[in-house]
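**Q** Could you work out the structure for the sequence below:
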Amino acid sequence: MQVILRKEFETLGKVGDVVTVKPGYARNYLIPGGIAYPANKSSLARLENEKKTLQLRDLKERRKAGDLRAKLDGMRLIAMVNVGEDDRMFGSVTSADVAELIKERNIEVDRRKIQLVEPIKHLGEYNIDVRLHRDVVVTIKVDVVKGN
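**A** Okay, the predicted model is just below:
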């Protein structure tokens, strides 16, 4: 079954793409979730009308991400954590913690845009990617050090 994506979906494509998926996946997940709508003659015509709006929105989001990238580029954050014997951390540093460290510098970044494969569980220096837009990725450094 062919559907037109209304939202960017990492595994399928970007907004406005016509993709082929299994009928059950489209019927039970994509269409009810507002992620896509069926590709038929009327929706294909509507897509042509919406493409200009989508392109303008994407350009605006890319510019905003570029401005944010300029602020984040080369940023170095320090995460102070409690440690026990042999410098073992209590807990871990998660993407929410990194987002909070960035927020302390008066920059808003959604924690879901911070690309941590798994939480940080050891002291040290880490390079973390922040995906601001599908075309805009910036790397920040996070130093995890002993706290009080």
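**Q** Give the residue spans of the protein that score low on pLDDT.
**A** Within the chain, the ranges that satisfy pLDDT under 70 run 148.
**Q** all helices in it, in order from the N-terminus.
**A** For the chain, the helices defined by DSSP state H cover 23-25, 41-72, 95-103.
**Q** my read: T94 touches P119, true?
**A** Yes - using CB atoms under 8 Å, T94 is in contact with P119, at 4.8 Å. C-beta here means a position set from N, CA and C on the backbone, and glycine is covered the same way.
**Q** With R134 as the reference, measure out to E61.
**A** The spacing between E61 and R134, counted by CB to CB, to the nearest Å, is 9 Å.
**Q** who's more crowded, the two?
**A** Under the criterion of other CB atoms under 10 Å, the comparison of E61 against R134 puts E61 first, with 16 against 13.
**Q** Is that one in contact with H133, as I believe?
**A** Yes - E61 lies in contact with H133 (CB under 8 Å); the separation is 5.8 Å.
**Q** re earlier: and the helices of the chain, which is most packed in?
**A** Highest mean neighbour count among those (mean count of other CB atoms under 10 Å): helix 95-103, with a mean of 18.
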